[in-house]
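Engineer: just to be clear, the model below is a prediction. Sequence and coordinates:
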Amino acid sequence: RLSSNGVTTLTGTLSVNPGGTTDGATVVVEQGHTLRPFQFHIQQVANMNGIVNQLGGTVDVYGNTDGEGPLRIAHYPGDASYYHLQGGTLLVTGSASRISLGIDGTGVWNVAAGTAMVTRIDVNGRSATGHGFLNVSGGVVRVGAGGINGIVPYQATFAGGTLSALAGYSVAVTSSLSGA
């Protein structure tokens, strides 16, 4: 649990992985805290899950890499892993940065409140073995020139909130719109 009015800066990768045989590693970011990892990987271990609950504060993933991106949710196959944006600000804005939802695993990004500014979103970042889910029900998601991309199977649902541009971009996913 990251609370208080502090800043945590990591020059390497923050991996949210369960230890040993324990499933379900969870990180909670609360109002007033700033977390700045170079890369942020949620579930880098097969058959385990990781969860991030951002209730407030700022998460600034400052790595600038193209590969599968500096913010990865569910890299390996197995259980689903989640990033719940429920407040605060999420930044993934390097010129070659992206959020990858489900590379070979099942990655879910739920946006209910707060603001996200991202260069690119890959809903299912690599292959047919991964599953990516983007669910926006509130808050603001601002997307840069990399756009929103998907590799089947994936699901993108926009049921509320605001989707806007940091730069001109394309949406290369079939999505579900409701509540408009």
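Structural biologist: Cool, got the structure.
Engineer: buried ones in stretch 163-172?
Structural biologist: Using 16 or more other Cβ atoms under 10 Å as the test for burial, stretch 163-172 gives residue 169. (C-beta placed from N, C-alpha, C; glycine too.)
Engineer: same question, stretch 147-158
Structural biologist: So, applying 16+ other Cβ under 10 Å, buried residues of stretch 147-158: 147, 148, 149, 150, 151, 154, 155, 156, 158.
Engineer: run through who's touching that stretch.
Structural biologist: The contact list for stretch 147-158 (Cβ atoms under 8 Å, 6 or more residues apart in numbering) reads 101-102, 120-128, 130-136, 169-178.
Engineer: ok, now with 6 Å
Structural biologist: The contact list for stretch 147-158, computed with Cβ atoms under 6 Å, 6 or more residues apart in numbering, reads 121-124, 131-136, 169-173, 175-177.
Engineer: show me which of those are buried.
Structural biologist: 121-124, 131-136, 169, 173, 175.
Engineer: so which of the contacts of stretch 147-158 are in helices?
Structural biologist: Applying DSSP state H to those, no entry is found in helices.
Engineer: which residues sit in contact with residue 55?
Structural biologist: 30, 86, 87.
Engineer: let's have those residues in a markdown table, adding neighbour count.
Structural biologist: What follows is the contacts of residue 55, written out as a markdown table (neighbours: other Cβ atoms under 10 Å):
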| residue | neighbour count |
| --- | --- |
| 30 | 16 |
| 86 | 16 |
| 87 | 18 |
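Engineer: reformat those as JSON lines; add pLDDT.
Structural biologist: Shown next, in JSON lines, are those (pLDDT from 0 to 100):
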{"residue": "30", "pLDDT": "92"}
{"residue": "86", "pLDDT": "98"}
{"residue": "87", "pLDDT": "98"}
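Engineer: residue 50 pairs with what?
Structural biologist: residue 25 (DSSP bridges).
Engineer: and if you look at residue 116?
Structural biologist: Beta-bridge partners, per DSSP bridges, of residue 116: residue 90, residue 141.
Engineer: one step back: please flag which of the contacts of stretch 147-158 sit within strands.
Structural biologist: 121-123, 131-136, 171-172, 175-177 (DSSP state E).
Engineer: look up phi and psi at residue 29.
Structural biologist: Backbone geometry at residue 29, expressed as degrees, to the nearest 10, gives phi -110, psi 120.
Engineer: for it, the count of nearby residues, please.
Structural biologist: Residue 29 has 25 neighbours, counted by other Cβ atoms under 10 Å.
Engineer: isn't residue 126 up against residue 103?
Structural biologist: Yes. With contact defined as Cβ atoms under 6 Å, residue 126 reaches residue 103; the gap is 4.8 Å.
Engineer: those two: which has the busier surroundings?
Structural biologist: residue 103 (27 against 16).
Engineer: which stretch of helix or strand covers the more buried one?
Structural biologist: For residue 103, there is no enclosing helix or strand under DSSP states H and E.
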